[in-house]
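Undergrad: fold the following, please.
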Amino acid sequence: MTRTILDIHILQTVPPSNLNRDDTGAPKSATYGGVRRSRVSSQAWKRATRKAFDELLDTSELGVRTKKVAEELAGRVQVLDPSLTRAAALELAAETISTATGSKLSVPKRKSKDADADSEDLAGESGYLMFLSDRQFSALAALAVEGGKGGDVKALKDFLGVKANKSRVKQAVKTEHSVDIALFGRMVADSADLNVDAAVQVAHALSVHPVEVESDYYTAVDDRNTAAEPGAGMIGTVEFNSATLYRYAAVDVNRLQENLGSGGDDEKQPAEPTRVAVTAFLEGFITSLPTGKINTFGNQTLPSVVIVKVRSRRPISYVGAFERPVPMEKDGGFLHGACDRLATFVPELEGRYGLSGNDQGWVLRVGDETSALDGLGTEVNLTELLAAVGDTVAARLVPETTAAGRDGASSETGA
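TA: Numbering: from 1, shown residues only. As a prediction, this is how the structure comes out:
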């Protein structure tokens, strides 16, 4: 099977903002090329992308990442058996989760401290965030009700003590992964066999130029102050910066297809779910924005440039184009210089490594400042980009047996 990797390169200008702050409240930064750059962590943009999935995908295709797994599962148990009390449903849920993941649940101190001494329906929590798909929760709920009829926890324990049933519970969390789990992966500390290797790599976004952090001194006035009470009701400061960011992500489409398959047992692994996941990630990653201090700054921008490349061997970032920081234009601005830098760097990089002409590519760009990038791929709008990438992915994900049977299957020397 031909390997399929998507490289996504983005240039995005962001006005005064604080998208992603550190422990002091200042915008995050990093040194690259010997100068201080603005930085937005990969975690921040992955979170924003996952939130964008709420509008792009049905909830059945998504997962829930929480310590409150017992509460989540208990709610589904009660839907299947409304006669159960919350306390009974929580007991069944805790026993099922523990068997499925090996994680021991316990009531957090904050809950036990605030609850009544006689409370019997305190929900235990896992010691770490647990990531399960909507379908996995539903499968576990069905098994909990099947084994613990009428809320009988002892019967459930006996049920799960049977090797075949324990295997069914384990299999319930190994299969039917949601799109976000298949993309971003999952780690289960107590059961390494439940780990899912991520199909996506997301780089920390970096400014293409040096950045200085500025500070905004603000005041708030008490609406009920009289003329005899001048002055502010409160004062404060918030730090911010502005930047032209280079963003990068890579999608291992074959890994994504494996993750979306039935725990590796589904030999067919149809291409359509993978196409849907790829286009959802592409749109979500392109259009999302971390929400740090968003109401304070209103920094609602979209990328000026999106370049998508299809690779067959390994992902390649273009961040090296900006190791030497882009100087400000005579009339101000960094976007034009960043585009010129990419227009020179990319053909040289791909030519030196024998990549030229081997890979498909598309360019979505806005404004005259970005015209230098016309030669890096087929010019498209967002709708056309999503359709073209989706069709390309589906076409390349042919069954391995079919690919192996073809004579002269194409392979490239580049990435």
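
Undergrad: next, the distance between the ends of stretch 360-377.
TA: Stretch 360-377 stretches 7 Å from its first residue to its last (CA to CA, to the nearest Å).

Undergrad: check which residues of that stretch are buried.
TA: 361-365, 369-370, 372-373, 376-377 (16 or more other CB atoms under 10 Å). (Each C-beta comes from the backbone N, C-alpha and C, glycine too.)

Undergrad: now render those as TSV, adding distance to Glu350 and pLDDT.
TA: TSV is the format used below for the buried residues of stretch 360-377 (distance: CB to CB, whole Å; pLDDT from 0 to 100):
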residue	distance to Glu350	pLDDT
Gly361	10	94
Trp362	15	97
Val363	14	98
Leu364	19	98
Arg365	19	98
Glu369	23	96
Thr370	19	97
Ala372	16	97
Leu373	14	97
Leu376	9	94
Gly377	11	94
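
Undergrad: return the subset of those lying in helices.
TA: Using DSSP state H, no member of these sits in helices.

Undergrad: from those residues, which two are the most distant?
TA: Farthest apart among the buried residues of stretch 360-377 by CB to CB are Gly361 and Glu369. That separation is 19.9 Å.

Undergrad: tell me which residue is most central in the protein.
TA: Lys46 (3.4 Å; CA atoms, centre = their mean).

Undergrad: list the contacts for the nearest residue in space to that residue that is not next to it in sequence?
TA: Leaving aside its sequence neighbours, Lys46 sits nearest to Val202 (CB to CB, 6 or more residues apart in numbering; 5.4 Å). Val202 makes contact with 42, 45-46, 248-249, 285, according to CB atoms under 8 Å, 6 or more residues apart in numbering.

Undergrad: next one: the residue in the chain sticking out farthest from the centre from Ala220, what distance?
TA: Most distant from the centre of the chain: Ala228, at 53.4 Å, with distances by CA atoms, centre = their mean. From Ala228 over to Ala220 the distance is 19 Å, taken as CB to CB, to the nearest Å.

Undergrad: any low-confidence regions in this structure?
TA: Filtered on pLDDT under 70, the chain yields the residue ranges 1, 110-121, 262-269, 357-359, 398-415.

Undergrad: could you pick out the longest strand of it?
TA: For the chain, the longest strand by residue count, based on DSSP state E, is strand 234-252.

Undergrad: show me what counts as buried in it.
TA: Within strand 234-252, judged by 16+ other CB under 10 Å, the buried ones are 238-252.

Undergrad: what are the ranges of the strands in the stretch 201-350 of the chain?
TA: In the stretch 201-350 of the chain, the segments counted as strands under DSSP state E, counting those that start in this stretch are 205-207, 214-220, 234-252, 305-311.

Undergrad: right, and those - which one's nearest Gly127?
TA: strand 234-252 (30.0 Å).

Undergrad: run through the neighbouring helices and strands of that closest one.
TA: Packing contacts for strand 234-252, counted by 3 or more CB pairs under 8 Å, 6 or more residues apart in numbering; DSSP states H and E, involve strand 5-17, strand 35-40, strand 200-202, strand 205-207, strand 214-220, helix 271-287, helix 335-352.

Undergrad: can you rerun that using 6 Å?
TA: strand 5-17, strand 200-202, strand 205-207, strand 214-220 (3 or more CB pairs under 6 Å, 6 or more residues apart in numbering; DSSP states H and E).

Undergrad: just the ones you listed: most buried one?
TA: A comparison of the helices and strands packed on strand 234-252 by mean neighbour count, using mean count of other CB atoms under 10 Å, puts strand 205-207 on top with a mean of 26.

Undergrad: pull the residues that contact that one.
TA: 32, 37-40, 243, 245-247 (CB atoms under 6 Å, 6 or more residues apart in numbering).

Undergrad: list the strands paired with that strand, with their directions.
TA: Strand 205-207 pairs in its sheet with strand 35-40 (antiparallel), strand 234-252 (antiparallel), by DSSP bridges.

Undergrad: just the buried residues of whatever helix or strand comes next after the first one, please?
TA: Meaning strand 35-40. Next in sequence after strand 35-40, counting helices and strands by DSSP states H and E, comes helix 42-56. By neighbour count on 16+ other CB under 10 Å, the buried set for helix 42-56 is 42, 44-50, 52-53, 56.

Undergrad: quick one: which of the residues you listed is nearest Leu62?
TA: Phe53 (5.8 Å).

Undergrad: list the contacts of that closest one.
TA: Contacts of Phe53 by CB under 6 Å, 6+ apart are 62, 284.
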